[in-house]
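Visitor: when you get a sec, could you give me coordinates for this:
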Amino acid sequence: MRLYVYVLQAKDLPVKETFVKLHVGNHKSKTRVVRDTSNPIWNEEFVFRVSGVEEGDDVVVSILRHEQDHHSNVSSGVIGKVRVPLSSVAGEENQTLLPTWFVVGKPSDGEFVNIECGKILLSLSLQGKWESISGDKAINDKQDISLEGVKELEGSPKEPGCSKDVRRRKHHDGKHLMKNIVNQIDKLFHKKEEMSKRLNDLSAGEIVTSNYEDATDKSSSSSTCTSFEEGLGLMQSSDSEKEEMPENLPGGILLDQKYLVSPSDLNKFLFSPNSQFRKELAELQGLSDVQEGPWTMIHEDNTRLTRVVTYIRPATKLVKAGKATENQVYRKASGQKFAVFVSVSTPDVPYGNTFKVELLYKVLPGTEQNAGGESSRLIISWGIQFSQSTIMKGMIEGGARQGLKESFEKFADLLAKNYKTLDPGVVLDKEQVIATVQSEHKADLKSAFLYFWSSSVVCAVLVSVYVVVHIFHCEPNKIQGLEFYGLDLPDSFGELFSSGILVLLLERVYMMTVHFIQARLHRGRDQGVKANGKGWILTIALIKGTNLASVEATELFDPYVVFTCNGKTRTSSVKLQDQDPQWNEVIEFDAMEEPPSVLDVEVFDFDGPFDQGASLGHAEINFLKLTADELADLCVPLVGHHAQASQSKLQLRIFLENKNGVETMKDYLSKVEKEVGKKLNIRSPQKNSAFQKLFGLPHEEFLLKEYTCYLKRKLPVQGKLFLSARIVAFYSNIFGHKTKFYFLWEDIDDIQLLPPTLASIGSPLLLIILKKNRGLDAKYGAKSQDEEGRLWFYFQSFVSFDATSRTIMALWKTRTLSIDHRAQIAEEELDVADPFLLPEDVTAASDADAPKMSKVYSCDLPGDVELVMKIFGGGEMERKIMEKSGCLNYASTTWESKSSGVYERRLSYKYNHYVSVFGGGVTCSQQKFPAPNDEGWILHEIVALHDVPFGDHFRVHLRYEVKKAGVDCKTTKCEVYLRIRWLKPIKFEQRISKSIMEKFRNRLKVIFDLFQKESVANSSLTLL
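Guide: Numbering: from 1, shown residues only. Sure thing, here's the model as predicted:
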């Protein structure tokens, strides 16, 4: 039999440094020393083994003073003693004496003989089988106990815990207590309920409490028994709104699920008194003797609602059945957000006195409105607190993790039967979110007001009004000095200065007006374009940027964003001179056959239609590491020297969905099967679910193959290699030592098959080499890293090495080759209705434009004029040169005669991304006619750029003069002139003109250098 003695606290002691000694038979124990208070709080538990309850068996509690003499030897003096017969404890209901104040008896000698020695709060409990003694005997013994009633606390009669204890106490009093004891017991029942909570809170034998359990450690706190609804109302009316939601506990997430129920209803369903859900869960988990204490308010710095729940856990193969105590405390209850911290004590399990398991329930409102009503999100995390170090720490943590996992799987299944669960992929209403984004555009009038509300505009308006009023009140001056009729010059330096200030202010307002109009009229070419095809659709809502930083801190910059995914690129609009731009644009990628792995995001400073401009920061978004909810509202920090220093960020909302269902997976598998040469099947839903949980992958990831093999490091590690559509993963668990990592197919730089060696025990090796600085999360699984920073992974001992290597190579090639050629295939498949259609403003050039042009290139080329004109001849040489110079889908019409000696044709092509980061299309009109004196040809070309920023604001005019250079006519001189004709005024004319001049000068050099190489090659073939 076990005797539990709880030494809780004392009050009104004559000294301020005290401790308590306990004597039970031949067993002794003592508490810690509490200093500097005459009302010490110990809250300590002691366990003694007793063979039985016999007459004369007492628990002797001595309170002693702690002091030190001059030689630093500790001495003590007895303040007083309390003697509690064990028979009185056995006579209590459930063999438990609830917390009771005992008057400390005066000692027979010493300095405390004639002094009141105070009171001490004790609780005792007997557990185990014993020979029962008569109730009369127990009561007679109990009459010798000096006890004093505790002040009655106000409580709600509705609380079931309170009423239950009342009935028990009255029943006991009517049979066993004399009339004078009944009144004292009636005064005790409220206080005993409160101390019962403290008793259960301390049942794990813990002295060190967690960060969340400080309600019983402050003597200044007070508690009241209250109803559940009243307690929540009190917390919501207090300052709990200002408190932040607690962070998840470090052990990990046990449950993260959304339910179609309001947060307040879900909170009541889980934690209200006599919850039917708790009863069903206890039955499902095999719990017995479940007792829920009443909800009690703790009044401290912050109001807390708390209760104690006790139950008997069922026996397992390794652990016998034992008592568990949960101390539940509301950490937050405000509005629609709730947080309940639970500390679980299990003193009966092995090493149970050395740790406590902690749980944190968080009930949050859903991030979206669902057609079926309100939704809520339940997050349950766990942790474990050790009061002392133990060599069994790892085993205890592993056992707790496994037990909690199994327990909360049953919890989730039962809760799902009561409330409908919401799939994250279904909950997020993409159309609703996008509509919200698009509706966030500010009205033009409001934007204009915010933009023009500045000191410059206000001063300009005030000064202009002042000058106009002055003009109406003045008479015209006489003509004097150098003035004449119609010209009124300033008559003093003061007037000149005032006029200059007014002109500068009006110029500033004019430039701001032009800037605002350009920003409102300009739109990105990819913004609002709907995706085509069936498959994986990627939709990006670009909301805004924050704290964007330029390379030159003093310069204003014009940011735009470039998104790259699976080889395709989309570009946002340019925001003029804005450090915190507001885009509110929706961009979609065309359907993809396989789900994308990463999205590259980079912010640039606009510097002309051809130049990429300076990078303001970049980021990589890994779809495998983020949930659908996280992608739906994502704040991306940008990486870069200036971006990190300024904490630059982009706010995005990203949606990835499969429009073609299972057919998309089947199409992908059929493409892989052609490379592998064998049939591939998607694994069962159970296998897929286990694979996703093991590596923390999203629900759309599907497993293709798994192989048993060895990972070669310093020592071989046996495990399993998993292949899916986007990753290569490895997992091993050897005697609790786990090795788990994965990397993307796109991260692989090379795969090599190595022959068997003695070191590999006669088994061939599969070597996977990652690209530089890629897959760093899997670094601990690599055997080595080369000088270039690439990780090397070795795998061996496959059951069928040939089939495995062939499958891995096929999956890698299918994934990576599609990325390398995706842009080119997209360009080739683009169907253009009329590629030679020119804008209406493109007119034929004339010689009158020649004086306005600037020479941008000049060179002497080998060969006669006819050979050089093959560059514009429309034949095989022209096509090769233009394709090598960066032109895609190059096409031209034949030369047609327009008039005597004048010929005309049209061109159509696109720049690749090496020539222009925006890509963009080009349509040209060319005219050629003989040069004077029949010296060669003159060719005029008008270039219209499409799908580049501000491409509709200008046209590029080129003039080629191809003439004989020598008397022998074996060399040809070529000169090229350029002019930019502006169709619309723009603030960036000078910057764009400089960019175009430089880009065309470089392109002309590349084109004519390629001509020389081609002409030399053709001459060599002719000689052969």
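Visitor: so where is the stretch 51-200 of the chain shaky, pLDDT-wise?
Guide: The model of the stretch 51-200 of the chain has pLDDT under 70 over residues 55-56, 68-76, 129-200.
Visitor: do that again at 90, thanks
Guide: 51-58, 65-80, 85-100, 105-117, 123-200 (pLDDT under 90).
Visitor: residue contacts, Phe604?
Guide: Residues near Phe604 by Cβ atoms under 8 Å, 6 or more residues apart in numbering: 559-562, 612-616, 917. In short, each C-beta sits where N, CA and C put it, glycine included.
Visitor: tell me the centre residue of this structure?
Guide: By Cα atoms, centre = their mean, the mean C-alpha position of the chain lies nearest to Glu630, the distance being 5.5 Å.
Visitor: for Ala400, give its distance to Pro949.
Guide: Separation of Ala400 from Pro949 (Cβ to Cβ, to the nearest Å) stands at 59 Å.
Visitor: ditto for Lys393
Guide: For Lys393 relative to Pro949 (Cβ to Cβ), the value is 61 Å.
Visitor: the two: which has the busier surroundings?
Guide: Pro949 (22 against 14; other Cβ atoms under 10 Å).
Visitor: skipping its backbone neighbours, what lies nearest that one in space?
Guide: Excluding the flanking residues, the one nearest Pro949 by Cβ to Cβ, 6 or more residues apart in numbering is Val574, at 5.2 Å.
Visitor: quick one: that neighbour is in a strand?
Guide: No - the assignment for Val574, made by DSSP: H, G, I helix; E, B strand; the rest coil, is coil rather than a strand.
Visitor: okay, now it: neighbour count?
Guide: 23.
Visitor: so the nearest residue to Asn248 once chain neighbours are set aside: helix, strand or coil?
Guide: Leaving aside its sequence neighbours, Asn248 sits nearest to Ser381 (Cβ to Cβ, 6+ apart; 3.9 Å). In three-state terms, and counting by three-state DSSP, Ser381 is strand.
Visitor: so Ser381 bridges to which residues?
Guide: When bridges are called by DSSP bridges, Ser381 pairs up with Ile253, Leu360.
Visitor: and what of the one 5 residues further on?
Guide: On the basis of DSSP bridges, Phe386 takes part in beta bridges with Phe355.
Visitor: that one touches Glu397, doesn't it?
Guide: No - taking contacts as Cβ atoms under 8 Å, Phe386 lies outside contact range of Glu397: 9.2 Å.
Visitor: who wins for most neighbours among the contacts of Phe604?
Guide: Neighbour max across the contacts of Phe604 (other Cβ under 10 Å) = Pro559, 27 neighbours.
Visitor: hmm, that one is touching Ser615, no?
Guide: No - using Cβ under 8 Å, Pro559 is not in contact with Ser615, being 10.5 Å away.
Visitor: give me the common contacts of those two.
Guide: 603-605.
Visitor: just the contacts of Phe604: which has the poorest pLDDT?
Guide: Of all these, Gln612 carries the smallest pLDDT score, 59.
Visitor: ok, and for the longest helix along the chain, which residues are buried?
Guide: If you go by DSSP state H, the chain has its longest helix at helix 989-1023. By neighbour count with 16 or more other Cβ atoms under 10 Å, helix 989-1023 contains the buried residues 992-993, 995-997, 999-1000, 1003-1004, 1007-1008, 1010-1011, 1014-1015.
Visitor: please apply the same query to stretch 862-881.
Guide: Residues 863-865, 867-872, 877-878, 881 are the ones in stretch 862-881 that count as buried (16+ other Cβ under 10 Å).
Visitor: end-to-end on it?
Guide: Stretch 862-881 has an end-to-end distance of 16 Å (criterion: Cα to Cα, to the nearest Å).
Visitor: hmm, who's touching that stretch?
Guide: Stretch 862-881 has contacts (Cβ under 8 Å, 6+ apart) with 861, 890, 892, 894-895, 905, 926, 928, 936-937, 939, 960, 962-964, 969-972, 974, 1007-1008, 1010-1012, 1014-1016, 1018.
Visitor: can we see that at 7 Å?
Guide: 861, 890, 892, 894, 926, 928, 936-937, 939, 962, 964, 969-972, 974, 1007, 1010-1012, 1014-1015 (Cβ atoms under 7 Å, 6 or more residues apart in numbering).
Visitor: before we move on, what about stretch 783-794?
Guide: So stretch 783-794 is contacted by 712-713, 749, 765, 767-773, 775, 779, 781-782 (Cβ under 7 Å, 6+ apart).
Visitor: pretty sure Ile471 is in a strand, no?
Guide: No - secondary structure of Ile471 (three-state DSSP): helix, not part of a strand.
Visitor: number of nearby residues for it?
Guide: By other Cβ under 10 Å, the burial measure for Ile471, its neighbour count, is 9.
Visitor: gap between Met727 and Leu697?
Guide: I think there's a mix-up here, since residue 727 is Ile and not Met. Using Cβ to Cβ, we find Ile727 at a distance of 8 Å from Leu697.
Visitor: domains in the protein, as residue ranges please.
Guide: Here the domain assignment for the chain is 2-68+75-127, 228-236+246-423, 522-661, 662-824, 854-1021, based on the TED database.
Visitor: tell me which of the contacts of stretch 862-881 fall in helices.
Guide: 1007, 1010-1012, 1014-1015.
Visitor: phi, psi of Tyr466?
Guide: Backbone torsions of Tyr466, given as degrees, to the nearest 10, read phi -60, psi -40.
Visitor: got a pLDDT number for it?
Guide: Confidence at Tyr466, expressed as pLDDT, is 84.
Visitor: and the helices in the stretch 251-400 of the chain?
Guide: Under the criterion DSSP state H, counting those that start in this stretch, the stretch 251-400 of the chain contains helices at 263-271, 276-285, 393-418.
Visitor: what about the second one, distance to the chain center?
Guide: This points to helix 276-285. Mean-position distance between helix 276-285 and its chain equals 34 Å (Cα atoms, centre = their mean, to the nearest Å).
Visitor: same question for the last one.
Guide: Distance, stretch centre to chain centre, for helix 393-418: 25 Å (Cα atoms, centre = their mean).
Visitor: list the buried residues in it.
Guide: Applying 16+ other Cβ under 10 Å to helix 393-418 flags 396-397, 399-401, 404, 407-408, 411-412, 415 as buried.
Visitor: got it, and the shortest one?
Guide: By 16+ other Cβ under 10 Å, the buried positions in helix 263-271 come out as 263-264, 266-267, 269-271.
Visitor: against which helices or strands is that helix packed?
Guide: Helix 263-271 is packed against strand 337-345, strand 355-365, strand 376-386, with contacts defined by 3 or more Cβ pairs under 7 Å, 6 or more residues apart in numbering; DSSP states H and E.
Visitor: tell me what the shortest one is packed against?
Guide: Strand 337-345 is packed against helix 263-271, strand 322-334, strand 355-365, with contacts defined by 3+ Cβ pairs under 7 Å, 6+ apart.
Visitor: I'd like those laid out as a markdown table, including distance to Thr37.
Guide: Formatted as a markdown table, those follow (distance: least, Cβ to Cβ, whole Å):
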| stretch | distance to Thr37 |
| --- | --- |
| helix 263-271 | 35 |
| strand 322-334 | 25 |
| strand 355-365 | 26 |
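Visitor: between the ones you listed, which one is nearest to Arg313?
Guide: Proximity to Arg313, assessed across those by Cβ to Cβ, is greatest for strand 322-334 (5.2 Å).
Visitor: which strands border the closest one, and is each parallel or antiparallel?
Guide: Counting by DSSP bridges, strand 322-334 is paired with strand 303-313 (antiparallel), strand 337-345 (antiparallel).
Visitor: dump those strands to CSV, plus mean pLDDT, distance to Phe691 and mean neighbour count.
Guide: Formatted as CSV, those follow (pLDDT from 0 to 100; distance: least, Cβ to Cβ, whole Å; neighbours: other Cβ atoms under 10 Å):
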stretch, mean pLDDT, distance to Phe691, mean neighbour count
strand 303-313, 88, 32, 20
strand 337-345, 92, 31, 22
